[in-house]
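Chemist: I need the structure of the sequence given here:
(chains A, B, C and D)
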Number of protein chains: 2
Amino acid sequence: MVTIYDIAKKANVSAMTVSRVINNKGRISEKTRSKVKRIMEELNYVPNEMARSLVLRETQVLFLLVTDITNPFFTTLARGAEDAANKLGYRVLFGNSDESLEKEREYIDTILKSRVDGVLVAPAGDGSLPHLESLRAHSVPFVLLDREVPGIGSDVVLGDSREGTRMLMEHMMGLGHKEIALVNGTPDVSSARLRATAYKEALKLNDLPAPAERILELGYAPRSSLARIGEWLDGLQPLPTAILCGNNMMAIQTIQAIRKKGLRVPEDISVCCFDDLGPVGEIDPFLTVAAQQAYQFGYKGMQLLTGRIADKENEDGEDAWTRILLPAELVVRRSVADLH
Amino acid sequence: MVTIYDIAKKANVSAMTVSRVINNKGRISEKTRSKVKRIMEELNYVPNEMARSLVLRETQVLFLLVTDITNPFFTTLARGAEDAANKLGYRVLFGNSDESLEKEREYIDTILKSRVDGVLVAPAGDGSLPHLESLRAHSVPFVLLDREVPGIGSDVVLGDSREGTRMLMEHMMGLGHKEIALVNGTPDVSSARLRATAYKEALKLNDLPAPAERILELGYAPRSSLARIGEWLDGLQPLPTAILCGNNMMAIQTIQAIRKKGLRVPEDISVCCFDDLGPVGEIDPFLTVAAQQAYQFGYKGMQLLTGRIADKENEDGEDAWTRILLPAELVVRRSVADLH
DNA sequence: TTGTAAGCGTTATCAT
DNA sequence: ATGATAACGCTTACAA
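Modeler: Numbers count the residues shown, from 1 in each chain, chains lettered A, B, ... in the order given. From the prediction side, this is the model:
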């Protein structure tokens, strides 16, 4: 491996001079600068970032931990995060916890060991608390995405679950739906709690009943919950006329389960959900959704994170946590039937 | 930051002893081992991987560089790669070149600087040659995914573009299609070349004409080629009855362009393509595809890569390059009309 | 403008 | 079974 010493020797200068050339620091004569540069080219020199980070105590690497890499919400979010990070010269590593607290724990350990400069986390759930506490204990700046975790303060970028749910519910009720079911994330996830509450609120506000059995709690990344959704539907006395889903992936499974019964969407049962479907969804704009600004989750989250890191370096006073609430947009398509 | 010296001091041992406990190396009395472990817990010690990698000259980090992170083919591939890597204790970093040679160059530089142990690359095109040569020059093991690059030898995992195209073409021709157009990647990408050739072969074999204007060359990640596809279609004298697309993303755009003209798929024009659509596509299994084994691309590619790394460490003789050809599977759905 | 010495946190090597 | 020392490749602080 070629090191600054190899360069230095060949250029008849000291390693420090080479280092200065590399980092454009200090005053250096144009003559030596160009000589050193030429030799670096010749020798095909590539700086060793690890050695550099070891002394600088910063890696210029940020980490993005999501809960489902196959969900377009998160891939779009990832692009936003990457764009914001690259603008500031940071690189981004990605990890996928698959909604699993164990996998999340492993990633957190990895993050700690590799001295990453900061982390953007979509926490798997309230059980993520100890993981976040680890980050805090080792003073690794982090920003929460999409979900909050009771018990720990931090910057956070959230979707407006309450208002999004309200829009979706009003849309369905406006079209005459009264028996509306909910397929939701488990209540150990903040966004699922908010959506469940808003769902019940909306029904109550319209004097509609909200029987408990009309709520199905699934993980947010139900790779194969088809069967469970099917059984749940079988158990519902009058079938709901519409189903609200906590996210896009659950909506897809729900639609499949409905069709598997020989029923149609939206003719027999309507479906709508949080989060849009990304480019693949464009092939047939069918699903009515409360579209969240996935890209902005990543972009703004990354801005918060890099801001924190800068503050830390400048020893600025710890300001209060920032909380960004991103509005959802109702995108009406064809998956909710008009009952009138 | 807590270091092994802090642990050592508190435990009244040397740093080396602590290091040995951490890595389970050498013989250590059970007494000191447990004492050291206890103190590590107390002090909340986390090893510094950078210092470790600096002396070990290995990072246990592998890199996966894809060309389009919003394409489900690559997210599925990523899961395969990650699964294979994690089994062997490697971590995986992801990068997204967005089909751009410049972005790819930046990632390659980053990879070189960070002394990653190996790289899995879906090259942006033939222009990736210098990038791969850089990797080789610095003896960073790499495995090519999905595309080959003339001028450099390496392990590679490829889809069977020839046979896949043949299947798709036979399917369309079997249903009576004679005017079949091709929306394809640019010819600086090996898979696009193969597909174009096989497309022409299939037509020739059936004594069908293959006018040049029936081929449209786009980038593989056409975020917004809608307009171009529309104009191209406008210029075609008799509209084709069917269009073969080089990948899923191009198929989506093609379908949108067709519909924008007020035409229907498949009633007016049929469409099929390479690569399936992932979970989101399940919402409406519409598109007929030559499904590639995306997960296996990642899994097998990672196995090749880690195998190479192991060989390198063991100073094994360089065996010839391995070339894995993954078959595609024809999945017939509803996007190709029966003309009989 | 350039160089010297020390140190970042870890492990390999050689001693004891 | 444990320790002292040097080294990994780089940068900071200080000196010349």
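Chemist: measure the residue of the stretch 51-200 of chain A found nearest DNA strand C to DNA strand D for me?
Modeler: In the stretch 51-200 of chain A, the residue that lies nearest DNA strand C is A:V55 (3.5 Å; Cβ to the nearest atom of the strand). Backbone N, C-alpha and C define where each C-beta goes, glycine included. Relative to DNA strand D, A:V55 is positioned 4 Å away (Cβ to the nearest atom of the strand, to the nearest Å).
Chemist: where does that residue sit, in terms of helix or strand?
Modeler: helix A:49-56 (DSSP states H and E).
Chemist: quick one: is that helix near chain B?
Modeler: Yes - contact between helix A:49-56 and chain B, assessed by Cβ under 8 Å from any Cβ of the partner chain, occurs at A:49-51, A:53-54.
Chemist: hang on, A:N48 packs against A:D6?
Modeler: No - look at A:N48 against A:D6 with Cβ atoms under 8 Å: they stay out of range, at 12.0 Å.
Chemist: neighbour count: the two, which is higher?
Modeler: For A:N48 versus A:D6, neighbours defined as other Cβ atoms under 10 Å in any protein chain shown are more numerous around A:N48 (19 against 16).
Chemist: would you quantify the distance from the more buried one to B:R136?
Modeler: Note on A:N48: its distance to B:R136, by Cβ to Cβ, to the nearest Å, is 19 Å.
Chemist: same question, A:A242
Modeler: From A:A242 to B:R136 the distance is 58 Å (Cβ to Cβ).
Chemist: A:S225 touches A:L218, doesn't it?
Modeler: Yes - A:S225 lies in contact with A:L218 (Cβ under 8 Å); the separation is 5.1 Å.
Chemist: quick one: which of the residues of helix A:49-56 next to chain B is nearest DNA strand D?
Modeler: Closest to DNA strand D, out of all of these and judged by Cβ to the nearest atom of the strand, is A:A51, at 3.3 Å.
Chemist: contacts only, for that closest one.
Modeler: Residues near A:A51 by Cβ atoms under 8 Å, 6 or more residues apart in numbering or on different chains: B:L54.
Chemist: pretty sure A:V2 sits against A:E42.
Modeler: No - between A:V2 and A:E42 there is no contact under Cβ under 8 Å: 9.8 Å.
Chemist: look at the two and report which has more neighbours.
Modeler: A:V2 (17 against 11).
Chemist: do me a favour and get the end-to-end distance for stretch A:138-155?
Modeler: 17 Å (Cα to Cα, to the nearest Å).
Chemist: so what does the one helix or strand in chain A whose mean pLDDT sits lowest touch, helix or strand wise?
Modeler: Lowest on mean pLDDT, DSSP states H and E among the helices and strands of chain A sits strand A:91-96, with a mean of 88. With contacts defined as 3 or more Cβ pairs under 8 Å, 6 or more residues apart in numbering or on different chains; DSSP states H and E, the packing partners of strand A:91-96 are strand A:61-66, helix A:72-87, helix A:101-113, helix B:72-87, strand B:91-96.
Chemist: may I have that strand exported as PDB, CA atoms only?
Modeler: What follows is strand A:91-96, C-alpha atoms only, in PDB (Å, rounded to 0.1, in the frame of the first residue of the first chain):
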ATOM      1  CA  ARG A  91     -21.300   9.400   2.900                       C
ATOM      2  CA  VAL A  92     -24.300   7.400   3.900                       C
ATOM      3  CA  LEU A  93     -24.400   3.800   5.000                       C
ATOM      4  CA  PHE A  94     -27.700   1.900   4.900                       C
ATOM      5  CA  GLY A  95     -29.100  -0.700   7.200                       C
ATOM      6  CA  ASN A  96     -32.300  -2.700   7.200                       C
END
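Chemist: check which strands are paired with that strand and give the direction for each one.
Modeler: strand A:61-66 (parallel) (DSSP bridges).
Chemist: quick check, the residue in the stretch 101-250 of chain A closest to DNA strand D?
Modeler: Counting by Cβ to the nearest atom of the strand, the stretch 101-250 of chain A gets nearest DNA strand D through A:R115, at 13.0 Å.
Chemist: got a list of what that residue touches?
Modeler: A:R115 sits next to A:53, A:57, A:59, B:48-50 when contact means Cβ under 8 Å, 6+ apart.
Chemist: which pLDDT value goes with the residue nearest to A:S114 when sequence neighbours are not counted?
Modeler: Spatial nearest neighbour of A:S114, excluding adjacent residues (Cβ to Cβ, 6 or more residues apart in numbering or on different chains): B:E49 at 4.8 Å. pLDDT recorded at B:E49 is 95.
Chemist: so how far is B:V116 from B:E49?
Modeler: B:E49 is 13 Å from B:V116, by Cβ to Cβ.
Chemist: common neighbours of those two, please.
Modeler: Common neighbours of B:E49 and B:V116 (Cβ under 8 Å, 6+ apart) are B:T59.
Chemist: which residues in the stretch 151-300 of chain A form strands?
Modeler: Here the stretch 151-300 of chain A has its strands, by DSSP state E, counting those that start in this stretch, at A:155-159, A:180-185, A:215-218, A:242-245, A:270-274, A:288-291.
Chemist: pick the most deeply packed of these.
Modeler: Highest mean neighbour count among those (mean count of other Cβ atoms under 10 Å in any protein chain shown): strand A:242-245, with a mean of 30.
Chemist: so where's chain A uncertain?
Modeler: A:221-222, A:315-318 (pLDDT under 70).
Chemist: let's go with 50 and repeat that
Modeler: Applying pLDDT under 50 to chain A picks out no residues at all.
Chemist: DNA strand C contacts on that one?
Modeler: A:12-17, A:20, A:26-29, A:31-33, A:51, A:54-55, A:57 (Cβ under 7 Å from any atom of the strand).
Chemist: of those, buried ones?
Modeler: A:13, A:17, A:20, A:28, A:32, A:51, A:54 (16 or more other Cβ atoms under 10 Å in any protein chain shown).
Chemist: can you list phi and psi of the first one for me?
Modeler: Looking back up the chat, that one is A:V13. Backbone dihedrals for A:V13, given as degrees, to the nearest 10, come out at phi -130, psi -180.
Chemist: surely it and A:V36 touch.
Modeler: Yes - using Cβ under 8 Å, A:V13 makes contact with A:V36 at a distance of 6.6 Å.
Chemist: quick check: chain neighbours aside, which residue is closest to the closest residue to chain B within the stretch 201-340 of chain A?
Modeler: Nearest residue of the stretch 201-340 of chain A to chain B (Cβ to the nearest Cβ) works out as A:V280 at 4.1 Å. Nearest residue to A:V280 in three dimensions, chain neighbours excluded: B:V280, at 4.1 Å (Cβ to Cβ, 6+ apart).
Chemist: check which element follows the longest helix belonging to chain A along the chain.
Modeler: Ranked by residue count under DSSP state H, the longest helix found in chain A is helix A:294-313. Counting by DSSP H and E, the next helix or strand C-terminal to helix A:294-313 is strand A:323-326.
Chemist: okay, buried residues for stretch A:90-108 please.
Modeler: Those buried within stretch A:90-108 under the rule 16+ other Cβ under 10 Å are A:90-101, A:103-108.
Chemist: now find how far off-centre it is within its chain.
Modeler: Relative to the centre of its chain, stretch A:90-108 is centred 11 Å away, using Cα atoms, centre = their mean, to the nearest Å.
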